[in-house]
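> With the sequence up front, the predicted model follows.
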Amino acid sequence: ESEPVNFYNRSVFTVVRKGQRIGRVVAPTKGEYGVDVLGAELAPKSGRPAPVRFDASVTVGEDGLVTSNVDGEVQFSGGMLKVTPLLTIPDSVDFSTGNIDFPGDVVVGKGVRDCFTVKCGGDLSVRDLVEAATLIVGRDARLERGMAAREKGSLTAGRDLSAKYLDNVQCAVGRDMNILKEMQNCQAVVGRRFEGPGCAIIGGSLSVSGK
């Protein structure tokens, strides 16, 4: 309790890797005879099977150990336990979610707030504004609104990036970059091709290996 807490790193999601143990199902056991407070015999009751169902994303061994078959988030709903390779965040990435570190695809229903980090091994889709945050994307990044980093935020995409606009962003794109409206004071490195037929580039630096 005396140690400081980083609330940015307090994630509300349970993320597991393929082959990781999730838990254990305990088989029903037989009851034993007992006595009540007056010494009368009490008949035993056997245990009941755990009311949990599983889909193909997990394996339950003979010993009851539950193991994940995929990388993803553990979900339990309606009596069903599964691991999903897609992480869907209905609202923003903020203190209600903590930083995101996910091996698969991530969809953010709103935006990403200042100083938060989103790291994903697959594709990232953000439907609202990304502020001065850090985005590390293994494959494609799609920012439907754009990113206003105020010279504090950065973005790295392993493959392609598409965005409405970028403002004061440090970004590196492994393959293609497509900006719809504007790039202002950005430091951008593109591995293959930059596309922006209607894009205004104001200040900053743009380095493109291809065309």
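Arrived safely. Residues are numbered from 1 along each chain as shown.

> In contact with Tyr165: list those residues for me.
By C-beta atoms under 8 Å, 6 or more residues apart in numbering, the contact list for Tyr165 reads Gly146, Met147, Ile179, Leu180, Lys181, Glu182, Met183, Gln184. Placement of C-beta: from N, CA and C, glycine included.

> what's the closest of those to Cys120?
Within the contacts of Tyr165, distances to Cys120 taken as C-beta to C-beta reach their minimum at Met147, with 15.6 Å.

> picking up where we left off before, restrict the contacts of Tyr165 to the buried ones and give me that as a PyMOL selection.
Under the burial definition 16 or more other C-beta atoms under 10 Å, those of the contacts of Tyr165 that qualify are selected in PyMOL by:
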select buried, resi 146+147+179+180+182+183
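
> which two from the contacts of Tyr165 end up farthest apart in space?
Most distant of the contacts of Tyr165, by C-beta to C-beta, are Leu180 and Gln184, 13.4 Å apart.

> Mind checking which of the contacts of Tyr165 are in helices?
Taking DSSP state H, every one of the contacts of Tyr165 sits outside helices.

> The spatially closest residue to Asp128 that is not a sequence neighbour: neighbour count?
Sequence neighbours aside, Gly111 is the residue nearest to Asp128 in space, at 3.8 Å (criterion: C-beta to C-beta, 6 or more residues apart in numbering). By other C-beta atoms under 10 Å, 20 other residues sit near Gly111.

> and the gap between Gly111 and Gly31?
Distance, Gly111 to Gly31, by C-beta to C-beta, to the nearest Å: 55 Å.

> show me what contacts the residue most central in space within the chain?
The chain has Phe102 as the residue nearest its centroid, 3.8 Å off, counting by C-alpha atoms, centre = their mean. Contacts for Phe102 (C-beta under 8 Å, 6+ apart) come out as Phe13, Val15, Gly72, Glu73, Leu87, Lys119, Cys120, Gly121.

> again, but for Ser125
Contacts of Ser125 were listed using C-beta under 8 Å, 6+ apart, and they are Asp105, Val106, Val107, Val108, Arg142, Glu144.

> Same check on Lys110?
Taking C-beta under 8 Å, 6+ apart, we find Lys110 in contact with Pro90, Asp91, Ser92, Arg127, Asp128.

> what's the answer for Gly210, then?
Val190, Gly191, Arg192, Arg193, Phe194.

> Next: Asp105.
Pro85, Leu86, Leu87, Cys120, Gly122, Asp123, Leu124, Ser125.

> how about 6 Å then?
Leu86, Gly122, Asp123 (C-beta atoms under 6 Å, 6 or more residues apart in numbering).

> Kindly report the same for Glu182.
Per C-beta under 6 Å, 6+ apart, neighbours of Glu182: Tyr165, Ala200.

> any idea how far it is from Ile202?
7 Å.

> All set now, cheers.
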